[in-house]
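In: After the sequence you'll find the predicted model.
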Amino acid sequence: MIRPLLLAATLLLPPAVQAQGVAGPYLAARIAGFGNDHTAAAEYYATLLEQDHATPQVLENALIIYSVLGDFRSAREVADRMDESGQVSQFAASARMVAALQDGRFGDARDLLSGDGVGGALLDGLLAAWIEAADGDMGAALDGFDRLAETESFAPFAQMHKAFALAQAGDFEGADAIFSGEENGPLNATTRGIEAHAQVLAQLGRSEDALELLQKANEVTNSATLRDLEDRIAAGERPPYDVVATPMDGMAEAYFTLAALLMGDSSVTFTLLNARAALALRPTHVEGLLLTADLLEGQEQYALAAEVFAAVPRDDPGFHEAEIARADVLLASGQDEAAIEVLSSLTRSNGEEIDVWAAYADALRRLERFAPAAVAYDRSIDMLPEVTPRHWFLFYARGVAHEQLDEWPAAEADFRRALDLNPDQPNVLNYLGYGLVEQRSKLDEALDMIERAVAARPDDGYITDSLAWVYYRLGRHEDAVEPMERAVMLNPLDPLINDHLGDVLWSVGRKREAEFQWRRALSLDPKEEIDRIRRKLEVGLDRVLEEEGEAGPIEAADR
C-alpha cells in the first residue's frame, strides 16, 4: 500500500527525475520538505546536486532550504548554477544579496537592487541606504531613508532606521530628534527603538530622561534587555550606543525589521529566510535569534530551535529567558534529562531570577517529579518581593504538586491562595473543587466551584467531567449522566473520563453500556486504573465499591 504522502510526492516527480533514476533522494528531500525537516532535506538535496541531477525544481528547493538554514554561501552556489541555466528566481537574488553583503561586495549588492530587487520595496530601500552608509556617504544614506519615508506605510520604519544611522555615526542629537518624535511625530514604540533611544539619551548626558523612558516601558513590557538597561543607568553607568553600531548591523536590522513585520502574516518560510539573513549579517542579534528559534519551534523543528536558542550569549540580559525557552523545546522533543540539566544549571548561574526557579519547577511538575517541583516552587515564591494577582499560577502549580504528593492541607491552602489572587480562575476552581470531593469535604462549596468553572469554560471536557463526577459522588446519578456524556464527547480519547462514564452509566442501570465504556477506557491505556477497570468488568461496580468500603454516595461533613 502506498502511503498518501508518498503518493503525493510521487505524483510531483518531474519526468526527468524519474528517467534518471534518482527518485529515492528526490522523494526523500520532498517528504522532508513537506515535514519542515530542513536539515534532512538539505542533505538529500546536497546528494542530488553532487550527482549533478540539478533540475530546475531541485535547484529552487535546495536554494530555499539552504537559505532557511542560514547557509547563504551554499545558497549562492545554487543560485549561480541557476543563473548558468537561465533560471530566474527571487530567492536566488536574495541569496546573492546576503552573500554579497557578508563579503562586503557592495557594488554587487547595488547591482542586485538596481535590477528587480531582492525583497520588496521596504527591504530594498533600507538596504540601499545602509549600503551608502557602509561606503562612507552618510548624506546619500540619509537621503535614501528620506525617500523611503515618502511612502506613508514605510515612513515609521524608514525614520527608525534613519535614527539608528545617525546614532551609529555619532549624531545623537539628530537621533534623539527622531526617536522623541520632535522631527516627524511619534514613532511606533518597539523594544529595539526604546533601547536605542535610552542609549542615545545616556550618551547625551540625559540619564534622568532615559530612566523615565525605561521605567514607563518596563511597566507594560517584559523585556530583560530594557530592565537591565534601566538598572545600569540607575546605578550611574553610561552605556554605549550599540543597538546598531555599524552599517552592517543596520543591514541586519533591515532584514530583522522585515521578518518581525511579516511574523504571523506571511509564509513562515519567507519570514524565516529574512530572520536567517539578519543572523548571517549579525550572528549576535539576540532578538533575531529569538525570532528565528520561535519560528523553528512553530514548525516543530525542535533540534534546530534549541541550537538557535543556545547561540544567545551568556552575558546577554536575555540569556536566562533563552535558556528557559531552550529547555521547553528540549522537553517538547522528548529530551527530558537534557531539559532538566539546562534548567538546573540555570538555577546555579542565574538563581537570582524568580522566573528561573519557576521554570525549573514547571518542568519537574510536567515530568511528575512532584517533590523537587514543590521545593523549587517554594524557592520562587519565597523570592517574590510582593505577591500580586499575576502570581496566582505559582500557588496553583505548587498546590498541584502537593496534591500529587498526598499533602492535601498544603495543597488546599495553595489553591485557596491562588483563588484569593484570581477568584474566577477556572483551573483553580476545578482542581480545588474536585479535590474537596475526593477528600469528602465541603461538598456544597466544591459543587459551587465546579459549576462556576463549567460556566466559564463550557467546552472544557475535564472541567465538565469534574461536574459530573461531583454529582455522581453525591449520589445524584441521573444528574451526572448528561454532563459525563458531554465530557466524553469533548475528550473522547481520555481513559479516565471514559471510565467515569462507565461508572455513571452502571449507577443508573445501563450496565451493558457501562461495560462498553470500561472496555473503551482499557483500550486507551489508563495506566494505574487498569486493574480496577478489569475488576469492574469481572464482578461489576457494586462489588468493587463494597471491596473498597465505598458502598453508597458520600455525605458532606459540613451539611
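Out: Arrived safely, thanks for sending.

In: Poorly predicted segments of the stretch 251-400 of the chain, please.
Out: 266 (pLDDT under 70).

In: hey, where'd the helices end up in it?
Out: 268-281, 286-298, 302-309, 319-332, 336-349, 354-366, 370-382, 392-404 (DSSP state H, counting those that start in this stretch).

In: Would you mind giving the ones you listed as JSON lines with mean neighbour count and distance to Gln215 added?
Out: For glycine as for every other residue, the C-beta is placed from the backbone atoms N, C-alpha and C. Below are these laid out as JSON lines (neighbours: other CB atoms under 10 Å; distance: least, CB to CB, whole Å):
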{"stretch": "helix 268-281", "mean neighbour count": "24", "distance to Gln215": "29"}
{"stretch": "helix 286-298", "mean neighbour count": "22", "distance to Gln215": "21"}
{"stretch": "helix 302-309", "mean neighbour count": "22", "distance to Gln215": "29"}
{"stretch": "helix 319-332", "mean neighbour count": "22", "distance to Gln215": "20"}
{"stretch": "helix 336-349", "mean neighbour count": "16", "distance to Gln215": "27"}
{"stretch": "helix 354-366", "mean neighbour count": "22", "distance to Gln215": "20"}
{"stretch": "helix 370-382", "mean neighbour count": "19", "distance to Gln215": "25"}
{"stretch": "helix 392-404", "mean neighbour count": "23", "distance to Gln215": "25"}
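
In: I'd like those written out as CSV, with distance to Asp124 added.
Out: CSV is the format used below for these (distance: least, CB to CB, whole Å):
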stretch, distance to Asp124
helix 268-281, 13
helix 286-298, 19
helix 302-309, 26
helix 319-332, 31
helix 336-349, 40
helix 354-366, 40
helix 370-382, 48
helix 392-404, 45
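
In: who wins for proximity to Leu490 among these?
Out: The minimum distance between Leu490 and the helices of the stretch 251-400 of the chain falls on helix 392-404, with 21.5 Å, by CB to CB.

In: Buried ones in the very next helix or strand once past the closest one, by neighbour count?
Out: Reading on from helix 392-404 to the C-terminus, the next helix or strand found by DSSP states H and E is helix 408-421. Of all the residues in helix 408-421, those buried under the rule 16 or more other CB atoms under 10 Å are 408, 411-412, 414-415, 417-419, 421.

In: repeat for stretch 253-273
Out: For stretch 253-273, by 16+ other CB under 10 Å, it's 253-260, 262, 268-273.

In: Go ahead and confirm Arg110 touches Ile131.
Out: Yes. If you go by CB atoms under 8 Å, Arg110 and Ile131 touch, sitting 6.3 Å apart.

In: These two: who's more crowded?
Out: Neighbours per residue (other CB atoms under 10 Å) separate Arg110 from Ile131, with Ile131 holding more: 23 against 16.

In: Quick one, grab the pLDDT at that one.
Out: Note for Ile131: predicted pLDDT of 97.

In: do the same with Pro25
Out: Pro25 is assigned a predicted lDDT (pLDDT) of 46.

In: Over to Val544?
Out: 93.

In: Compute the distance between it and Ala95, please.
Out: For Val544, the distance to Ala95 equals 67 Å [CB to CB, to the nearest Å].

In: higher neighbour count, these two?
Out: Taking other CB under 10 Å, Val544 and Ala95 do not tie; Ala95 has more neighbours (29 against 19).

In: Is it correct that that one is in contact with Ile65?
Out: No. If you go by CB under 8 Å, Ala95 and Ile65 don't touch, sitting 11.3 Å apart.

In: who touches both of those two?
Out: Common contacts of Ala95 and Ile65 (CB atoms under 8 Å, 6 or more residues apart in numbering): none found.

In: now the stretch 51-200 of the chain, which segments are flagged as low pLDDT?
Out: Checking the stretch 51-200 of the chain against pLDDT under 70 turns up 51-54.

In: ok, 50 please
Out: With pLDDT under 50 as the threshold, the stretch 51-200 of the chain has no low-confidence stretch at all.

In: so where do the strands sit in it?
Out: Counting by DSSP state E, counting those that start in this stretch, one finds no strands in the stretch 51-200 of the chain.

In: hang on, Asp378 packs against Phe395?
Out: No. Under the criterion of CB under 8 Å, Asp378 is not in contact with Phe395, lying 11.1 Å apart.

In: okay, the buried residues of helix 408-421 in a markdown table with distance to Thr246 and pLDDT next?
Out: Shown next, in a markdown table, are these (distance: CB to CB, whole Å; pLDDT from 0 to 100):
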| residue | distance to Thr246 | pLDDT |
| --- | --- | --- |
| Trp408 | 61 | 96 |
| Ala411 | 56 | 97 |
| Glu412 | 59 | 97 |
| Asp414 | 51 | 98 |
| Phe415 | 54 | 98 |
| Arg417 | 51 | 98 |
| Ala418 | 49 | 98 |
| Leu419 | 53 | 97 |
| Leu421 | 47 | 97 |
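
In: Pick the one among those residues closest to Gly502.
Out: Trp408 (26.6 Å).

In: Contact partners for that closest one?
Out: Trp408 sits in contact with 402, 435, 439, where contact means CB under 8 Å, 6+ apart.
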